[in-house]
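Chemist: Based on what follows, work out the 3D shape:
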Amino acid sequence: MNCYANGCSKDVLNLQGCHGLAYCKSVIFVTVAPFKYLIGRLIKMVMLQLSFTPFPELETERLLLRRMVLADAKDLFFLRSDKTVLEFLGKEPAKTIEEVESFINMINNNIDTNEAIQWAITFKENPAKLIGTICYWNIRKEHYRAETGYTLHPDHWNKGIMKEALKKVIDYGFSVMKLHSIDANINPGNKASEALLVSTGFVKEAHFKEDFFFRGKFSDTIIYSLLNNLTPNPLSGGEEA
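Modeler: Residues are numbered from 1 along each chain as shown. Here you go, the predicted model:
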């Protein structure tokens, strides 16, 4: 019974008495380790690669989507505490400006580490005034998929503003981030959000019954999604999926 450079004999693998067992274990480790490394590298190469540096400002006919700064805390506090805005979002209202400032810092850290991205929605003629937000988060890099979410000040509802912003963010997600799919999770009661998603090409993907618990009550969740049919398959050498 012998040990070989490319592994161990059957007896050794079955632990049937090899005085060189320690050597055999080291040979197995040395032999297998490079394959683990190559597999890890392959997985990383196939996964979605993101970079939000420099920050991608986006423009539409009326809007500038820019990075949030601490000076936005007052405007953002309204969006994160107003009962009308929060009606279907299932989150507790913000209580202090400091809480919102911490949120902005967290968002910018996620941007710097390429984990998520959020834009402040502003008018071109007044870019210092935040009127809404839109983001990609819950990014599943291995699946080329991200979730979008958005809020808008009620003074600007029903003016096509969020549709204008969402269309631009969808384009960025597909053409720059190279996402294959985008999803949005909404409360079934949020008819305005549902109409927005349908008008921008999203289709209903799932309806989960009473899967969300908030303030002592269970509620349903609807998932809408949008596919990028032109996403290259990362394993196909550039061919369309």
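
Chemist: Spatially central, which residue of this structure would that be?
Modeler: Ile139 (2.4 Å; CA atoms, centre = their mean).

Chemist: Quickly find the element holding it.
Modeler: strand 132-140 (DSSP states H and E).

Chemist: quick check: angle from the helix or strand following that strand to strand 132-140?
Modeler: Next along the chain after strand 132-140, taking DSSP H and E as the criterion, comes strand 145-152. With axes from the mean of the first three to the mean of the last three CA atoms, to 10 degrees as the basis, strand 145-152 and strand 132-140 are set at 160 degrees to each other.

Chemist: what is the mean pLDDT for strand 145-152?
Modeler: The average pLDDT for strand 145-152 rounds to 98.

Chemist: before we move on, the earlier item: next, count neighbours for the nearest residue to the residue nearest to the centre of the chain once chain neighbours are set aside.
Modeler: Leaving aside its chain neighbours, Ile139 sits nearest to Ala146 (4.3 Å; criterion: CB to CB, 6 or more residues apart in numbering). Bear in mind the C-beta positions are built from the backbone N, C-alpha and C, glycine included. Using other CB atoms under 10 Å, Ala146 has 23 other residues around it.

Chemist: now swap in Pro93 and tell me
Modeler: Pro93, neighbours per other CB under 10 Å, totals 13.

Chemist: tell me the contacts of it?
Modeler: Pro93 makes contact with 80-83, 86, according to CB atoms under 8 Å, 6 or more residues apart in numbering.

Chemist: one step back: can I get the strand holding Ile139 in CSV? Just the C-alpha atoms.
Modeler: What follows is strand 132-140 as a C-alpha-only set of coordinates in CSV (Å, rounded to 0.1, in the frame of the first residue of the first chain):
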residue,chain,number,x,y,z
GLY,A,132,-38.4,61.6,-3.2
THR,A,133,-36.1,58.6,-3.2
ILE,A,134,-35.5,55.6,-5.4
CYS,A,135,-33.2,52.7,-5.0
TYR,A,136,-31.8,49.3,-5.8
TRP,A,137,-31.3,47.1,-2.7
ASN,A,138,-31.5,43.4,-1.8
ILE,A,139,-29.1,42.8,-4.7
ARG,A,140,-28.6,39.1,-5.4
